[in-house]
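Chemist: output the structure for:
(one chain, ligands or ions: 1)
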Amino acid sequence: MDLKGLKFSKMHGLGNDYIVIDESEGEVVAEDEKPEFCQNVCRSGFSIGSDGVIFVTPSSSKEADIRFRIFNDDGTEPEMCGNGIRCFSKFVYDNKIIEKEILKVETLAGLKTVEITSKNGIATFFKVDMGLSTFKTAEIPIKTEEKEFLNNELFVDGENISMTTVSVGNPHAVVLTDSVDSIDLNRFGPAIETHEAFPEKINAHFVEIISKNEIIMLTWERGVGYTHACGTGATSSVLAGYKLSELDNNVLVHLPGGELEIEVYEKDGELGAFMKGDAELVFTGEMV
Ligand SMILES: N[C@H](CCC[C@H](N)C(=O)O)C(=O)O
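Modeler: Numbers count the residues shown, from 1 in each chain. So this is what the prediction gives:
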C-alpha cells in the first residue's frame, strides 16, 4: 500500500484522537485496504499513531449533507463515535466542505444532526443529537434471557459484575462503582469487551456518581482499549444512569481527557441524548 503523498489532519476530542482523511471528492484509500491502512497509520511509534481513522465521504442519502465513517485502531468499523463526529464536523466546516452551521451526517448508526458554534469561520463547539438509544438486549446484542440488562450481574474473570447494557448505535456496558480509582481497568476492561456474552464485543465504562448531575468515568473501548475519552460512552453512561433513576437528564461527565455535557430527552417512549463538547485540530500532514 503506497501511502506516499497521502494528506491527513490529526484531531482529537478530549484526547481521543483521530486521523482524518478527506474522501469527499473521491476515494483516497481503496475500500478493501481501509482496515489494514487504519491498523498501519494508528500504530504509535511506527506511524502517525491514533485511536482510529475518520473518512469524510459523500453521502448517497438525500437527507444527509455528508457521510461519516470511523475505524478503530484494530481496523474494525464501528457504527458511531461521539468524539469522532465532533472532529469530523470541525474538519468539514473549517475546510468549507459543507458551509452549514447545522450539519446532517449519515453514519452507520443513522442520520445525526450536529449544531456547530463557530468564531471567525472556525468551528469551536458542537451539540450532537446522538439519537435514540435502546436497552433491548437483542439489539445490544447480549446473549441473555433478560429483555433488558439493567444492573444485572455477569460473571467476568472470576467475579460477578453488575452492569447495564445500552446501544447508541454502538454497544456499551456501564458498570457503576463507588470509586473509579478502585477499578483494575486493564483487567476488567478487556474481560468485559471480549466476554462471550457479547457477540459483537462491547465498549466498557466504569462510572462513579458524584451527584445526580455529575459523574466521573473511565473507558475501555471496543477495538481500541484505553482511551482518554469516549463520546458514545459518556452518552451511554448518562442514559444508563437516567434509566436507573440514579441521574437527572442534564449531566456533566468528567473523563480523563476532559468534560462533556450530556442532555437526555424522551421521544416516543425511548431515551435519546444530546452530547455537547469541543474538538481540536492538532496538525496536518502528508505521508512520505
Ligand atoms: N470504539 C468504539 C467506537 C469509537 C467510540 C468513541 N471513540 C467515541 O468517542 O464514541 C466502538 O467500537 O464502538
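
Chemist: wait, what's in contact with residue 157?
Modeler: 187-188, 191 (C-beta atoms under 8 Å, 6 or more residues apart in numbering). For every residue, glycine as well, the C-beta is placed using N, CA and C.

Chemist: run the last query once more with 6 Å
Modeler: residue 191 (C-beta atoms under 6 Å, 6 or more residues apart in numbering).

Chemist: what about stretch 192-210, distance to the chain center?
Modeler: Distance, stretch centre to chain centre, for stretch 192-210: 14 Å (C-alpha atoms, centre = their mean, to the nearest Å).

Chemist: run through the residues of the stretch 151-288 of the chain sitting next to the ligand.
Modeler: Contact residues (C-beta under 6 Å from any ligand atom) of the stretch 151-288 of the chain with the ligand: 170, 203, 221-224, 227, 230-233.

Chemist: could I get the residues you listed as JSON lines with neighbour count?
Modeler: Converted to JSON lines, those look like this (neighbours: other C-beta atoms under 10 Å):
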{"residue": "170", "neighbour count": "26"}
{"residue": "203", "neighbour count": "27"}
{"residue": "221", "neighbour count": "28"}
{"residue": "222", "neighbour count": "25"}
{"residue": "223", "neighbour count": "18"}
{"residue": "224", "neighbour count": "21"}
{"residue": "227", "neighbour count": "26"}
{"residue": "230", "neighbour count": "33"}
{"residue": "231", "neighbour count": "30"}
{"residue": "232", "neighbour count": "31"}
{"residue": "233", "neighbour count": "32"}
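
Chemist: in helices only, show me those.
Modeler: 231-233 (DSSP state H).

Chemist: ok so, going back, and the two most separated of the residues of the stretch 151-288 of the chain next to the ligand?
Modeler: 223 and 231 (15.0 Å; C-beta to C-beta).

Chemist: all helices of this protein, in order?
Modeler: Going by DSSP H, the chain shows helices at 34-41, 82-94, 185-193, 231-243.

Chemist: would you map out the domains in this structure?
Modeler: Domain assignment for the chain by automatic domain parsing gives 7-129+278-286, 137-276.

Chemist: can you redo the ones you listed as a markdown table with distance to residue 1 and mean pLDDT?
Modeler: Putting these into a markdown table (distance: least, C-beta to C-beta, whole Å; pLDDT from 0 to 100) gives the following:
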| stretch | distance to residue 1 | mean pLDDT |
| --- | --- | --- |
| domain 7-129+278-286 | 6 | 98 |
| domain 137-276 | 20 | 98 |
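
Chemist: state the distance from residue 243 to residue 236.
Modeler: 10 Å (C-beta to C-beta, to the nearest Å).

Chemist: the two - which one has more neighbours?
Modeler: Counted by other C-beta atoms under 10 Å, residue 243 and residue 236 do not tie: residue 236 has more neighbours, with 30 against 19.

Chemist: excluding chain neighbours, what is closest to that one?
Modeler: residue 172 (3.7 Å; C-beta to C-beta, 6 or more residues apart in numbering).

Chemist: who's the one you found bridged to?
Modeler: residue 166, residue 203 (DSSP bridges).

Chemist: surely it and residue 166 touch.
Modeler: Yes. Counting by C-beta atoms under 6 Å, residue 172 does reach residue 166; the two are 5.5 Å apart.

Chemist: give me the neighbour count for residue 160.
Modeler: 9.

Chemist: now do the nearest residue to it once chain neighbours are set aside against the ligand, distance only.
Modeler: Here the nearest residue to residue 160 in space, its sequence neighbours aside, is residue 153; by C-beta to C-beta, 6+ apart that works out to 4.4 Å. To the ligand, residue 153 is 23 Å away according to C-beta to the nearest ligand atom, to the nearest Å.

Chemist: tell me how far residue 153 lies from residue 191.
Modeler: 14 Å.

Chemist: phi, psi for the most centrally placed residue in the chain please.
Modeler: Geometric centre of the chain, nearest residue: residue 81, 2.8 Å, by C-alpha atoms, centre = their mean. Note on residue 81: backbone dihedrals following degrees, to the nearest 10 are phi -160, psi 120.
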